[in-house]
Structures are given as C-alpha cells and as structure tokens.
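Q: coords please:
(chains A and B)
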Amino acid sequence: MLVAGYVAFGALAAANDIPFGLAVTSTAVLWALPAQIILVEMHSLAAPVFATLLAVMLSSARFLPMTLMLMPEMRAPGHRDWKYYVAAQLLSLSGWTMAVARFPDIPRGQRLGWFYGFTVVLMTVSAVSTALGYVGADHLPPLAKLALVFMVPMYYLLILSGSVRERVAALGLACGAVAGPLGYLLTPEWSVPLGGLAGGSIAYLLLRRR
Amino acid sequence: MDLWLLLGVCGIATYLWRGPGVLIAGKLDSKGEAFIWISCVAYAIIAGLVARMLILPTGVLSETTALERVLGSVVALAVYFRLSKRNLLAGVLASALAFSLIRMAT
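A: Modelled structure (predicted):
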C-alpha cells in the first residue's frame, strides 16, 4: 500500500527537480506523505515559507491525537522515557492503524519493541520506494515518468474516497475538494493552507449543525 | 529559503504534534472538539491539493489532457471499488496503465 504512494512521491519529487537526497530524507524527517507532497508542490509553486510551514503543520496535526491514544498503550515499566519520544517520530498512519489492531494480542511489555520493529521496516520500505520512484522517473521514458507522477493524485483519490464512510472524512473531503481549487484561483501560493482551513472549518460547522 | 533548511523546519513542525503527545498523553482527551475540527482541516487540505492536481494541474501534470486525467480516475475507482476488493496497489497501477495507454493512443 505504502509502496505505491512513496514511489509516486519519489517521481513527483524528481519531476519537480527536488534533490534526490532531500526527497529520500524527507520520508524519514517528515514521515507523513501529505506533508511531503505539500512541501514539494508548494516549493514548485514558489510559495512563501510561512504558507508552506502552515500547510505542513495543519496537515500533520492528526499526529497529536494519534500519539495521545497510542502512548498509554505502550507504557510499561523498564522502558526509558526517550524511547517514547523516538517512537513518536516513528509513528505514521499505517503504523498506528496496525498497532491499534495488534496491541490487544501483544503483552504490554513487548508492545514498544514490536512498534519499533514494525515502524522501522515501514520507514525503510518507504524510503527505498521513494528512491525507486525518483530514479525511475529520472531514467524511464517521459510517458512512464508522467504515469508515475499521475499516481500521486490517484493514490489519494482512492485512499480518500475509500474513507468517506466516516462523516468527518466525507465532509472534510467534499469541502476541501471544492475549497482547494477555488483557493488556487484566488491565491495560488496560499491556496493549500487557506483552502484547507476554510474547507475544513465549513465541514466542521456542517458536522455540528445536525 | 534553502530547501534543506525548510525540510528541517517542517520536520520540527511535524514533531511539535508528535513529541508533546508523549508528555501529555492521558491528560488530554484525544476525542475532543478541537481534534474533530483539525481532522476536518487535515482531510480538506489533502483533498484540496489532490483535487487541484486533477482539475488545475501544474508542473509536469499540466502536459496531460483533462480526458486522460478523467479516464485515469475512472479506471482507478472502478478497479479499486469494483474489480478488486479495495486493493489500493491494483487501483493505482491500473490507472497508471490506463493513463499510459490512452496517451499512447491519442
């Protein structure tokens, strides 16, 4: 699942002339595909630094509730505190989803170790996928490169339309899909954070009205 | 701004949500109203970006035609929801293949 997303991201980075090392490093440093796509897209739009930072921050705020929920499940005597701060960086949506599903079957004392093992593998596979997508886009014929970049919107089209059964997701997606392009027509450089804030807030109000 | 520096700052920005979560876990309700709002915003941001990439593409995707993007999306959705049991990889690869075939044919 992750492979397709990160291969596509690698191709997008190559197509936007992002240095190879930076594209791969971003997979470990940001470790959030939406934030990485935002960084590359907004850089190629020559967006102001503050607009990029705001968009990256808003898009990754979901890590706070995810961490809040998961950390107490991993707390066990004998683990040093810093290990939990490293675990927080290793957390991603797929790692979190898997941990929530598997933790009931794993003894409390072994959960942190399991989480490290699983998420480090995920991150490594994703970094390798980023590198492959990048190199592929750089060396394959133009048509294949274009097809790889096209996988970025396709990947999210499917992930997002797959999650519309939740009301929060459905409203957020619908309002965002309208606000994003509209915002782009008004102000290309600020469209990502402002469209997200406007669309998301309208979605929240709609959610609370009923 | 240097892109490496920007990546570093963005890395710190994302860690600001991760790190403090360790410290305040158990003291803050992860299902509060503020989190529902921020979740709506997070969905809206990525949906807005993807919609814009498909409707008003920039960069290399601006070389593609609207027909190619629409047909690619239709194939992705059809394979994902109808032909496979929500297999993301199958959906994405099929759409990339369909996109390439349409482009070669036209």
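Q: any weak-confidence spans in the chain?
A: With no chain named, the answer covers chain A. Residues of chain A that meet the criterion pLDDT under 70 lie in A:210.
Q: I was after chain B.
A: Scanning chain B for pLDDT under 70 picks out no residues.
Q: what's the residue closest to the geometric middle of it?
A: With the centre of chain B defined as its mean C-alpha position, the nearest residue by CA atoms, centre = their mean is B:Ile46, 5.2 Å away.
Q: That one contacts A:Ala179, correct?
A: No: assessed by CB atoms under 8 Å, B:Ile46 is found out of contact with A:Ala179, at 12.0 Å. The C-beta positions use only the backbone N, C-alpha and C, and glycine is treated the same way.
Q: So the residue nearest to the centre of chain B belongs to a helix, correct?
A: Yes: following the definition DSSP: H, G, I helix; E, B strand; the rest coil, B:Ile46 is counted among the residues of a helix.
Q: which residues does it contact?
A: By CB atoms under 8 Å, 6 or more residues apart in numbering or on different chains, the contact list for B:Ile46 reads A:34, A:37, A:59, A:156, A:160, A:176.
Q: Those residues: which ones sit near chain B?
A: If you filter the contacts of B:Ile46 for contact with chain B, counting by CB under 8 Å from any CB of the partner chain, you are left with A:34, A:37, A:59, A:156, A:160, A:176.
Q: Let me have those residues in JSON lines, extended by secondary structure.
A: Conversion of those to JSON lines gives the following (three-state DSSP):
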{"residue": "A:Pro34", "secondary structure": "helix"}
{"residue": "A:Ile37", "secondary structure": "helix"}
{"residue": "A:Ser59", "secondary structure": "helix"}
{"residue": "A:Tyr156", "secondary structure": "helix"}
{"residue": "A:Leu160", "secondary structure": "helix"}
{"residue": "A:Gly176", "secondary structure": "helix"}
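Q: Determine the longest helix present in chain A.
A: helix A:108-139 (DSSP state H).
Q: how close does whatever residue of chain A ends up closest to chain B sit to B:Ala44?
A: Nearest to chain B, among the residues of chain A, is A:Gly180, at 2.1 Å (CB to the nearest CB). Using CB to CB, to the nearest Å, A:Gly180 is found at 8 Å from B:Ala44.
Q: joint contacts of these two?
A: Residues touching both A:Gly180 and B:Ala44 comprise A:195-196, A:199, with contact defined as CB under 8 Å, 6+ apart.
Q: Pull the number of nearby residues for B:Pro20.
A: Neighbour count of B:Pro20, defined by other CB atoms under 10 Å in any protein chain shown: 17.
Q: Also A:Leu132?
A: The burial count assigned to A:Leu132 is 16, neighbours taken as other CB under 10 Å.
Q: what's the closest non-adjacent residue to it?
A: Closest residue in space to A:Leu132, ignoring its immediate chain neighbours: A:Val7 at 5.8 Å, by CB to CB, 6 or more residues apart in numbering or on different chains.
Q: For the one you found, give me its contacts.
A: A:129-130, A:132-133, A:136, A:148, A:151.
Q: are any of those residues buried, and which?
A: Neighbour-count burial within those applies to A:129-130, A:132-133, A:136, A:148, A:151; the criterion is 16 or more other CB atoms under 10 Å in any protein chain shown.
Q: Mind listing what's buried along the one helix or strand the residue of chain A closest to chain B maps to?
A: Taking DSSP states H and E as the definition, A:Gly180 sits inside helix A:167-186. With burial defined by 16+ other CB under 10 Å, the residues of helix A:167-186 counted as buried are A:168-184.
Q: Please apply the same query to stretch B:54-62.
A: Residues B:54, B:57, B:59-61 are the ones in stretch B:54-62 that count as buried (16+ other CB under 10 Å).
Q: which residue packs closest to the one residue in chain B that gets nearest to chain A, ignoring adjacent ones?
A: Of all residues in chain B, B:Gly48 sits closest to chain A, with a separation of 2.1 Å (CB to the nearest CB). Sequence neighbours aside, A:Gly180 is the residue nearest to B:Gly48 in space, at 2.1 Å (criterion: CB to CB, 6+ apart).
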